[in-house]
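J.: prediction below, plus the sequence it came from.
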Amino acid sequence: MTHAYSVRPATNGDLASVLQVLADNQSSRPTELPAPAASPSKRQIAMWSRITRSPDVTVYLAESGGQPVGTACLSILPNITYDCRPTAFIEAVVVRYEHRRRGVARLMLGCALDAARRESCFKVQLLTHKKHAIDGAHDLYRSLGFEAEAEGFRLYLRDASLSLADPL
C-alpha cells in the first residue's frame, strides 16, 4: 500500500491528533491494539495552549489520508552567544508503527531543519535515547548530517518540591 504524506505545523485544534501519535511512542510494537484515546486532560489542554502560543516552538504533524501519522517538536532558543544566533532543539520525533521506515520522520525533520535555517540558527541539537541505536533512528539522524559528538546529561525533576539545597 502506497501512502502520500504531508507535514504541517500543528494548530490549536490538533491536540488529539498529536496525542494519538504519541501513544505509539514505545520502544517496541505493542502486542495489542492501543486503547481508544481518552479526551485530553485539563493539564494537556493547558500545556498545548502554551505551546501553540509560543513563537519559538513548533510541533509538526505528519498526516496520510487525513490521519495523523507522525509528530516532532522544534524549539528555538534565543542565544547571546554564537554571535546572537539561536540554537534549535528537536525532540519528540514519533511515527506511528504502521508508517515507520516510509520517510515520515525524514519529512518532519526536513521541515524542522528548514525552519532552523530560516531562523539563522547556529546549531541544531537532537537528543535521542541510546535504545534507538538499534531501531534505525540514529542511522536516520546521521543520514541528515547529525553527528554524535557530545555526551549529554539529564536530571528528571519528578518532585517539583525538591531543591538543590535539600539533602538527597
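T.: Structure's in. What do you need?
J.: and the residue nearest the centre of the protein?
T.: Per C-alpha atoms, centre = their mean, the C-alpha nearest to the average position across the chain is that of A92, at 2.5 Å.
J.: how about it, nearest residue that isn't a chain neighbour?
T.: Closest residue in space to A92, ignoring its immediate chain neighbours: C73 at 4.6 Å, by C-beta to C-beta, 6 or more residues apart in numbering. C-betas here are computed from N, CA, C, even on glycine.
J.: remind me, longest helix of the chain?
T.: The residue-count maximum for a helix in the chain (DSSP state H) belongs to helix 104-118.
J.: next, the buried residues of it.
T.: 104-105, 107-109, 111-113, 115-116 (16 or more other C-beta atoms under 10 Å).
J.: mind putting those in CSV, pLDDT and distance to S17 included?
T.: Compiled in CSV, the buried residues of helix 104-118 are given as follows (pLDDT from 0 to 100; distance: C-beta to C-beta, whole Å):
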residue, pLDDT, distance to S17
V104, 97, 14
A105, 96, 17
L107, 97, 16
M108, 98, 14
L109, 97, 19
C111, 98, 16
A112, 98, 18
L113, 98, 22
A115, 98, 20
A116, 98, 23
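J.: and which of the residues you listed is nearest T81?
T.: Closest approach between the buried residues of helix 104-118 and T81, by C-beta to C-beta: A116, at 16.4 Å.
J.: so what pairs up with the closest residue to the closest one other than its chain neighbours in the strands?
T.: Spatial nearest neighbour of A116, chain neighbours left out: A88 (3.8 Å); criterion: C-beta to C-beta, 6+ apart. Assessed by DSSP bridges, A88 has beta-bridge partners I76, V124.
J.: ok, A88 - contacts?
T.: 74-77, 112, 115-116, 119, 121, 123-125 (C-beta atoms under 8 Å, 6 or more residues apart in numbering).
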